[in-house]
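Asker: Just the structure for this:
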Amino acid sequence: MSARRQRGVTARWRLLPWIATAGVLAACSGPGADAPAPSQTPIAAGTVESVAVVTHGSPGDAFWNVVKNGAEAAGKELGIQVTYNASGDPGQQAKLIDNAVAQGVDGLVVSMANPEALRPSVEKAVAAGIPVVTINSGESESVKFGAFVHVGQSESLAGRAAGRRLAEARRTKMLCVVHEAGNIGANERCGGATEAFGNATTLQVDINNPTDAQSRIKGALEADRSIDAVLTLNSQVAARAVDAVREAASGATVATFDLNSDVVDAIRAGKLLFAVDQQQYEQGYLPIVLLKLYRTNLNTVGGGAPVQTGPGFVEKSNVDAVAALVAQGTR
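Answerer: The predicted model follows:
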């Protein structure tokens, strides 16, 4: 056995507790639990040396940096070369997937914020015998496109949980801020939150123009003083919402999806009520492990149900416990 293979076997044994956790999560009831088992082009058990991760993350987005950290950490531990590429443009993301297929990678990890734009590329990978794991977005389309598992958070479920929390805080009108046009996951978050909360309106902003996003949130608060809750769907937008509330002299409560250092500081200071934590490090880490097991032992998990990484909640009572982990890029 080569030294590299020995390292891979040793690392795989170290990861068994994580595999067990993933299996338990996938077996839980939830969205997709009754979905039929996925079908993919049959392959023979073999080796996995390279995996491509292609996401819809924007440049410098703290959330996707954590996903990347998780994927690269798993690759290092398992002796797998992991390459990470991202584009917020669906057409460009599809090209990145096509490039990975042309290079003959042993596995593919894809986030699908705009599923139909990626469908031909994902299906081409499956037809080529490249196993696909979808992450983060596109849960309902994952099995249809031939992926053997989805790893992420059910966005509708998480949205409902966030909406309920804001309602329990006795807020009466919510502004839900969408930061990416056409992002199916963002729409599901707002839809779920609105369903659970009730009286809500939606505001579209551009995550790539943070100054304008802050101005738009401020304007919405000034135009409607009855808004007393702001829900953002991204940690970077959350900081802008906090500033917008201050500038508008509004008494609105701000909550967000996802974590970064600014969100941690704002929760500590009482400027943010909570953050919905989907544990995105797992969305990078677990797919590499699952691809390793599939390629070398033909193992699958979930039977068509997603592996749920959230929602969890970080608030004032537990923020100190995760603050150091956020700082090191694993939460």
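Asker: Spit out the contact partners of residue 82.
Answerer: Contacts for residue 82 (C-beta atoms under 8 Å, 6 or more residues apart in numbering) come out as 50, 51, 52, 53, 71, 72, 74, 75, 288. No exception for glycine: its C-beta is placed from N, CA and C like everyone else's.
Asker: Ok, residue 97 next?
Answerer: Per C-beta under 8 Å, 6+ apart, neighbours of residue 97: 52, 54, 108, 110, 118, 121, 122, 124, 125.
Asker: how about 6 Å then?
Answerer: 54, 121 (C-beta atoms under 6 Å, 6 or more residues apart in numbering).
Asker: and if you look at residue 318?
Answerer: The contact partners of residue 318, by C-beta under 6 Å, 6+ apart, come to none.
Asker: helices or strands next to the strand or helix carrying residue 165 in the packing?
Answerer: According to DSSP states H and E, residue 165 maps onto helix 155-168. Other helices and strands packing on helix 155-168, by 3 or more C-beta pairs under 6 Å, 6 or more residues apart in numbering; DSSP states H and E, are helix 184-197.
Asker: ranges for the helices of the stretch 51-200 of the chain?
Answerer: 62-78, 90-102, 115-127, 139-145, 155-168, 184-197 (DSSP state H, counting those that start in this stretch).
Asker: Now render these as JSON lines, adding distance to residue 272.
Answerer: Conversion of the helices of the stretch 51-200 of the chain to JSON lines gives the following (distance: least, C-beta to C-beta, whole Å):
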{"stretch": "helix 62-78", "distance to residue 272": "15"}
{"stretch": "helix 90-102", "distance to residue 272": "30"}
{"stretch": "helix 115-127", "distance to residue 272": "31"}
{"stretch": "helix 139-145", "distance to residue 272": "26"}
{"stretch": "helix 155-168", "distance to residue 272": "12"}
{"stretch": "helix 184-197", "distance to residue 272": "16"}
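Asker: Just the C-alpha atoms of stretch 254-266, please, in CSV.
Answerer: Once non-C-alpha atoms are left out, stretch 254-266 reads as follows in CSV (Å, rounded to 0.1, in the frame of the first residue of the first chain):
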residue,chain,number,x,y,z
VAL,A,254,-32.9,42.8,13.0
ALA,A,255,-32.3,39.1,12.5
THR,A,256,-30.4,37.3,9.8
PHE,A,257,-29.4,34.0,8.2
ASP,A,258,-25.7,32.9,8.5
LEU,A,259,-22.8,33.9,10.5
ASN,A,260,-19.6,36.1,10.3
SER,A,261,-17.6,38.1,12.7
ASP,A,262,-19.8,41.2,12.3
VAL,A,263,-22.9,39.1,13.1
VAL,A,264,-21.3,37.7,16.2
ASP,A,265,-20.4,41.2,17.4
ALA,A,266,-23.9,42.5,16.7
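Asker: Sort out which residues of it are buried, please.
Answerer: Neighbour-count burial for stretch 254-266 flags 254, 255, 256, 257, 258, 259, 260, 262, 263, 264, 265, 266 (criterion: 16 or more other C-beta atoms under 10 Å).
Asker: Widest-spaced pair of those residues?
Answerer: 257 and 265 (16.9 Å; C-beta to C-beta).
Asker: so what's the one residue sitting closest to the centre of the chain up against?
Answerer: Nearest to the mean C-alpha position of the chain, counting by C-alpha atoms, centre = their mean, stands residue 136 at 3.4 Å. Remark: with contacts taken as C-beta under 6 Å, 6+ apart, residue 136 is in contact with 111, 152, 283.
Asker: Is the last one in contact with residue 67, as I believe?
Answerer: So the one you mean is residue 283. Yes. At 5.4 Å, residue 283 and residue 67 qualify as touching, with contact defined as C-beta atoms under 6 Å.
Asker: Of the two, give the one with the bigger neighbour count.
Answerer: residue 283 (30 against 26; other C-beta atoms under 10 Å).
Asker: Mind listing what's buried along the helix or strand that contains that one?
Answerer: Per DSSP H and E, residue 283 falls inside helix 280-297. Buried residues in helix 280-297, counting neighbours by 16+ other C-beta under 10 Å, are found at 280-296.
Asker: and what of stretch 107-122?
Answerer: Neighbour-count burial for stretch 107-122 [16+ other C-beta under 10 Å]: 107-115, 117-119, 121-122.
Asker: and what of stretch 242-257?
Answerer: 242, 243, 244, 245, 248, 250, 252, 253, 254, 255, 256, 257.
Asker: Output those as TSV; include the columns secondary structure, pLDDT and distance to residue 304.
Answerer: Below are these laid out as TSV (DSSP: H, G, I helix; E, B strand; the rest coil; pLDDT from 0 to 100; distance: C-beta to C-beta, whole Å):
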residue	secondary structure	pLDDT	distance to residue 304
242	helix	98	40
243	helix	97	43
244	helix	98	42
245	helix	98	42
248	coil	98	46
250	coil	98	45
252	coil	98	41
253	strand	98	38
254	strand	98	37
255	strand	98	32
256	strand	98	31
257	strand	97	26
